[in-house]
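Asks: Pasting the sequence and the predicted coordinates here, then a few questions.
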Protein chains: 2
Amino acid sequence: MSAAKKSSPKVLLIGFGNVGHKLLEIFSKEKNKFPNLSFFDPRFVGIFTKSHGALVNKSGLDLKTALRNFSRRNKFSSNHQDFSKLSSMEAVKKLNYNTLIELSTLSINEKGEPSVTYVREALKRGKNVVTANKGPAAFAFKELTELAAKNNCKFLYESAVMDGAPVFNLFRNDLKGCKITEVSGILNSTTNFILSKMEEGETLENSINEAQGLGFAEANPDYDIEGWDATAKITILANNLMGAAITPLDVEREGIRDITFTQIQNAIERGYRLKLVCRAWYKDKKLQTRVSIEEVPSDHLFSTVNGSGSILRVETDLIHPLTIAQEKSDLYDTAYGVINDLLTTIS
Amino acid sequence: MSAAKKSSPKVLLIGFGNVGHKLLEIFSKEKNKFPNLSFFDPRFVGIFTKSHGALVNKSGLDLKTALRNFSRRNKFSSNHQDFSKLSSMEAVKKLNYNTLIELSTLSINEKGEPSVTYVREALKRGKNVVTANKGPAAFAFKELTELAAKNNCKFLYESAVMDGAPVFNLFRNDLKGCKITEVSGILNSTTNFILSKMEEGETLENSINEAQGLGFAEANPDYDIEGWDATAKITILANNLMGAAITPLDVEREGIRDITFTQIQNAIERGYRLKLVCRAWYKDKKLQTRVSIEEVPSDHLFSTVNGSGSILRVETDLIHPLTIAQEKSDLYDTAYGVINDLLTTIS
């Protein structure tokens, strides 16, 4: 990319967990590590947590101070000069910002709320939205996409699937003229990690604990184990890439709770690995979606995915199948997906 | 992509081999196979071959007639109502078109000529250029890129590396804010096919013959075997993604001519496969480029690439490595890369 002029959009951040922290660190104390971000200097006009306070400053918060303040008691201090008593919803509706960054976590029972409402209210005001949360695009894809188009603003969610890997840019924008006929992938790191551990003889329970210890399980581990996180991801892919209008509740779903060591060993002996695969395809011209355990040949691309890696394969009517793989993912990758979307809002 | 208005840019085609034929077929007798191309109807105002005649029609040639006419004697008949005695160079300089599609073949000894000159002359006139030929971007990248920017037109070459896989769109445009620190890949199908065959005990010579029989060897097989095709590809990647200004002559180069069955077997016994790998990376802040035989662990992504497949891996300063893989490639993939670029010229 050629040298660009300094750009300083005003952003409102809702959700301040690990990804939110990493995002602020990248734009403050780690800024010098990334030369191609030097032109980009977003102003955070508000940071809102679920129940640990909020900061607001219409000219932009001092990020280092905000991080330091929060780290002391794991909440924002009411003594902070920018402390705010606004609710997240009030902030979305009233503050002056260019882009809402929505980083709260997926809720299946609440059908993506309250995130769906945050996103809707921001888009209604013509504000861009960038979210790493799967809820909005999984539960209200059509409504929110149409609202963004109508109000000439952007609704972006690259981080929701494969973290920083730009899968929507790649498969939606870069495959011009192709019709996507099938999508499949290994998109949930926790179950993939657990299945790898179980191949080595570890129990399901111990593997879950280890995944949580390493910090890459979902907030609610059932969302991983029961396949909900994976259904949300294939829902977004089917909606975005294949013109569907479904929610995670429409996806045929199998988790890994009942997998046994014997099943895994049996597959390996026959030259296969068991993987939790997300899939969307056409059958008799009707779109099908499924998350299920599949036997993958050991020399297949999908068998190379271990640990926190992920992979996505797309078939089209025009070119041979393309696959994008991410070897490993951590907070930088999710935060980067948000940054990439932010850069899309100014391009 | 949402339904778009009919678009009919005027294109001039230079080079009418297998890819050129497939391109015309897709826009004529195969048109109904690809619903997402229905809005797109390029007008071919000229088709120029190296030494088998040319057709020109300022309103657009009838593609079915052109294909039929050529197929009769493997050249355009001077009786065809649109037969032209212009040279390719005159056509580039004089005809009225929006985009030059340049499909002639790579020439190393001539340093990309005459293609470089065709492209330069078109860009000088402010015409877009789409080329599947590696020559222009490998031998005159900086000049042609700057010329296109100055004249506000496009210089595109997605088909030059990994055929239809949109690698430049993905790694240059979609990884906003990232600095690419290393690129590696298996990018020459012929040598990859030959190495796979040799693993099965076939000789080098027989494997070359088989690759040629299957139609995916370069026009000059030495370009594959000696690594020239691969050096041209890593050159373009280094120029486009890493800011280099090199030519294939600057790349450290090793071919597969001297590989023996014993070496291959020896590697397999130790859990590796031999692959001809293209690589660009920094050493002491200086960009290095190389095409060489590398030992790849058998559970590595690169080991899954067989036959006409290819793969490209990118490291960045910000996110973990991303890899894009194409399982298989034929004329549709190369023609699609051209179509994708054509669609970029109108977007």
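Replies: Now that the structure is in, tell me what you want to look at. Being a predicted model, the structure only gives us computed values, none of them experimental. Residues are numbered from 1 along each chain as shown, chains lettered A, B, ... in the order given.
Asks: just the strands in chain A please.
Replies: Ranges of strands within chain A are A:10-14, A:43-48, A:54-56, A:99-102, A:128-131, A:155-156, A:180-186, A:252-253, A:272-283, A:286-297, A:310-316, A:322-326, based on DSSP state E.
Asks: of the ones you listed, which approaches chain B most closely?
Replies: Closest of the strands of chain A to chain B is strand A:322-326, at 4.5 Å (criterion: CB to the nearest CB). The way it works is simple: take the backbone N, C-alpha and C, and place the C-beta from them, glycine included.
Asks: A:Gly243: neighbour count?
Replies: A:Gly243 has 11 neighbouring residues, counting by other CB atoms under 10 Å in any protein chain shown.
Asks: scratch that, A:Leu23
Replies: 27.
Asks: circling back: closest one to B:Thr304 among the strands of chain A?
Replies: strand A:322-326 (9.3 Å; CB to CB).
Asks: Centre of the chain to the closest one, how far?
Replies: Chain-centre distance of strand A:322-326: 17 Å, with CA atoms, centre = their mean, to the nearest Å.
Asks: Pull up the pairing partners for that strand, direction included.
Replies: Paired strands of strand A:322-326, with direction, are strand A:310-316 (antiparallel), strand B:322-326 (antiparallel) (DSSP bridges).
Asks: could you give the angle of it to strand A:180-186?
Replies: 30 degrees (axes from the mean of the first three to the mean of the last three CA atoms, to 10 degrees).
Asks: Strand A:322-326 - what's its average pLDDT?
Replies: The pLDDT scores in strand A:322-326 average 97.
Asks: what sits up against it?
Replies: A:162-165, A:167, A:170-171, A:175, A:301, A:304-305, A:309-314, A:316, A:333, B:165, B:170, B:301, B:320-327 (CB atoms under 8 Å, 6 or more residues apart in numbering or on different chains).
Asks: cutoff 6 Å now
Replies: Residues from elsewhere that reach strand A:322-326, judged by CB atoms under 6 Å, 6 or more residues apart in numbering or on different chains: A:162, A:165, A:301, A:309-314, B:165, B:322-326.
Asks: Check stretch A:111-122 too.
Replies: Under CB under 6 Å, 6+ apart, the answer for stretch A:111-122 is A:14, A:92-93, A:100, A:102, A:104, A:129, A:133, A:135-136, A:139-140, A:144.
Asks: B:Gln265: which of those is nearest?
Replies: Of these, the one sitting nearest to B:Gln265 (CB to CB) turns out to be A:Asn133, at 51.7 Å.
Asks: Quick check: closest non-adjacent residue to that closest one.
Replies: Leaving aside its sequence neighbours, A:Asn133 sits nearest to A:Ser115 (CB to CB, 6 or more residues apart in numbering or on different chains; 5.0 Å).
Asks: Tell me if stretch A:174-188 is near chain B.
Replies: Yes. Stretch A:174-188 reaches chain B (CB under 6 Å from any CB of the partner chain) through A:174, A:176-177, A:179.
Asks: How about that stretch, which residues are buried there?
Replies: Using 16 or more other CB atoms under 10 Å in any protein chain shown as the test for burial, stretch A:174-188 gives A:174-180, A:182-188.
Asks: gap between A:Ala230 and chain B?
Replies: Separation of A:Ala230 from chain B (CB to the nearest CB, to the nearest Å): 20 Å.
Asks: Surely that residue is in contact with A:Ser292?
Replies: No. Contact criterion CB atoms under 6 Å: A:Ala230 and A:Ser292 do not qualify, at 9.4 Å.
Asks: So between those two, which is more surrounded?
Replies: More crowded of A:Ala230 and A:Ser292, by other CB under 10 Å: A:Ala230, with 30 against 16.
Asks: where are the low-confidence patches of the stretch 201-347 of chain A?
Replies: A:216-220 (pLDDT under 70).
Asks: Tell me which residues touch A:Arg257, please.
Replies: A:Ile225.
Asks: what about it, distance to chain B?
Replies: From A:Arg257 to chain B the distance is 28 Å (CB to the nearest CB).
Asks: Compute the number of surrounding residues for the closest residue to A:Arg125 other than its chain neighbours.
Replies: What sits nearest to A:Arg125 in space, not counting adjacent residues and going by CB to CB, 6+ apart, is A:Lys93, at 7.4 Å. A count of nearby residues for A:Lys93, using other CB under 10 Å, gives 14.
Asks: Tell me, how many residues neighbour the closest residue to A:Ala165 other than its chain neighbours?
Replies: With CB to CB, 6+ apart as the criterion, A:Ala165 has its nearest non-adjacent residue at 4.8 Å, and that residue is A:Gln326. Here the number of neighbours of A:Gln326 (other CB under 10 Å) works out to 23.
Asks: go on, A:Asp250?
Replies: Count around A:Asp250 with other CB under 10 Å applied: 14.
Asks: if you go through chain A in chain order, where are the helices?
Replies: A:18-26, A:63-73, A:88-94, A:115-124, A:135-139, A:141-150, A:167-168, A:189-199, A:204-213, A:221-225, A:228-242, A:261-269, A:331-345 (DSSP state H).
Asks: Go through those helices and name the closest to B:Glu226.
Replies: helix A:167-168 (36.9 Å).
Asks: Quick one: mean pLDDT for that closest one?
Replies: 96.
Asks: what's the offset of it from the middle of its chain?
Replies: 11 Å.
Asks: Get me the contact residues on the stretch 101-250 of chain A for chain B.
Replies: Counting by CB under 6 Å from any CB, the stretch 101-250 of chain A sits next to chain B at A:164-166, A:169-170, A:174, A:176-177, A:179.
Asks: Could you list the low-pLDDT ranges of the stretch 1-150 of chain A?
Replies: In the stretch 1-150 of chain A (pLDDT under 70), the answer is A:1-4.
Asks: Next, format the strands of chain A as CSV and append distance to B:Arg73.
Replies: Formatted as CSV, those follow (distance: least, CB to CB, whole Å):
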stretch, distance to B:Arg73
strand A:10-14, 65
strand A:43-48, 68
strand A:54-56, 77
strand A:99-102, 61
strand A:128-131, 59
strand A:155-156, 54
strand A:180-186, 39
strand A:252-253, 57
strand A:272-283, 43
strand A:286-297, 47
strand A:310-316, 35
strand A:322-326, 38
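Asks: looking at those strands, which is closest to B:Thr203?
Replies: Closest among these, using CB to CB: strand A:286-297, at 28.5 Å.
Asks: tell me what that closest one is packed against?
Replies: With contacts taken as 3 or more CB pairs under 6 Å, 6 or more residues apart in numbering or on different chains; DSSP states H and E, strand A:286-297 sits against helix A:228-242, strand A:272-283.
Asks: Run the angle between it and helix A:189-199 for me.
Replies: 30 degrees.
Asks: Give the buried residues for strand A:286-297.
Replies: Residues of strand A:286-297 classed as buried: A:289-296 (neighbour count, 16+ other CB under 10 Å).
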